[in-house]
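Asks: Just need the structure, nothing else, for what follows:
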Amino acid sequence: MTQAGQPLIEIENLTKIFYADEVETHALSGIHLTIRQGEYVAMSGPSGCGKSTLLSIIGLLDTPTGGSYRLNNQPVESLDFAQRSRIRNQEIGFIFQSFNLIGDLTIYDNVELPLTYRKKLSSTDRENRVMESLERVGMAHRLRHYPSQLSGGQQQRVAVARALAGHPSILLADEPTGNLDSRNGEAVMELLQNLYGAGATICMVTHDSRFAKHAQREVHLFDGKVVAEDELKSDLKTLTANVHA
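Replies: Model prediction:
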């Protein structure tokens, strides 16, 4: 973890080209982006603008074609699969649109699963982290239930708990309200806002301008480029902290 306010994500001149049938698709064309620890950034833009591709590269699920990417001051753009997997498990928490919970595992086991790949964590440490994260999202009372027994909003809260349990440097949320109705979508946005208020660093992809306004900064993408940035709520963390004090 970096010191408060220090650059956590540093991207310079990042490009991503997909090749299919001798056709080049330039998904990202010279992206420059810095995310500091403790920031809440929303990436928005029309379908096909490159925002999900950029989030995949930030999350080390994909590699860029060119440019540089530093995570916690370490270059990560050229790591091999095993190195990316290790850093991803330790540094990054994912929140997906489709929840990605395993149906035949209990809520407790779903949250614990990523922690089992950390050999240095004892079973007691894993249990403490699972319970702490479930309590933070208000789902500790459902730990023995299965995903099919929960509503969509509850499943997304469990997905957030799974991301939190690893104590990641950054939470990456890819359309976290995409499979939810408006009421549950707002509830998940409030949860992310509260986590940000408590010090979490969040980068969220959304096509919905209403939800983008929950963030501190909004980065607009178009045709694979950052075309604008807006400072939305520089005092959001202070306001949130005061409300929950």
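
Asks: mind checking how far Ser52 is from Thr206?
Replies: With distances taken as Cβ to Cβ, to the nearest Å, Ser52 is found 11 Å from Thr206. Bear in mind the C-beta positions are built from the backbone N, C-alpha and C, glycine included.

Asks: neighbour count winner among these two?
Replies: Here Ser52 and Thr206 are compared on neighbour count by other Cβ atoms under 10 Å; more neighbours surround Thr206, at 26 against 20.

Asks: Quick check, that one in contact with Ala42.
Replies: Yes - between Thr206 and Ala42 there is a contact under Cβ atoms under 8 Å: 5.8 Å.

Asks: Now do the helices in the protein.
Replies: 51-58, 81-91, 107-112, 123-136, 152-165, 182-197, 209-212, 236-243 (DSSP state H).

Asks: for the shortest one, packing partners?
Replies: Using 3 or more Cβ pairs under 8 Å, 6 or more residues apart in numbering; DSSP states H and E, the elements in contact with helix 209-212 are strand 40-44.

Asks: The third one now?
Replies: Taking 3+ Cβ pairs under 8 Å, 6+ apart as the contact definition, the neighbouring helices and strands of helix 107-112 are helix 123-136, helix 152-165.

Asks: got it, and the longest one?
Replies: Packed against helix 182-197 by the contact rule (3+ Cβ pairs under 8 Å, 6+ apart) you find strand 40-44, helix 152-165, strand 170-174, strand 202-205, helix 236-243.

Asks: how does it look with 10 Å?
Replies: Using 3 or more Cβ pairs under 10 Å, 6 or more residues apart in numbering; DSSP states H and E as the contact criterion, the elements in contact with helix 182-197 are strand 40-44, strand 92-96, helix 123-136, helix 152-165, strand 170-174, strand 202-205, helix 209-212, helix 236-243.

Asks: Report the buried residues of it.
Replies: 184-189, 191-197 (16 or more other Cβ atoms under 10 Å).
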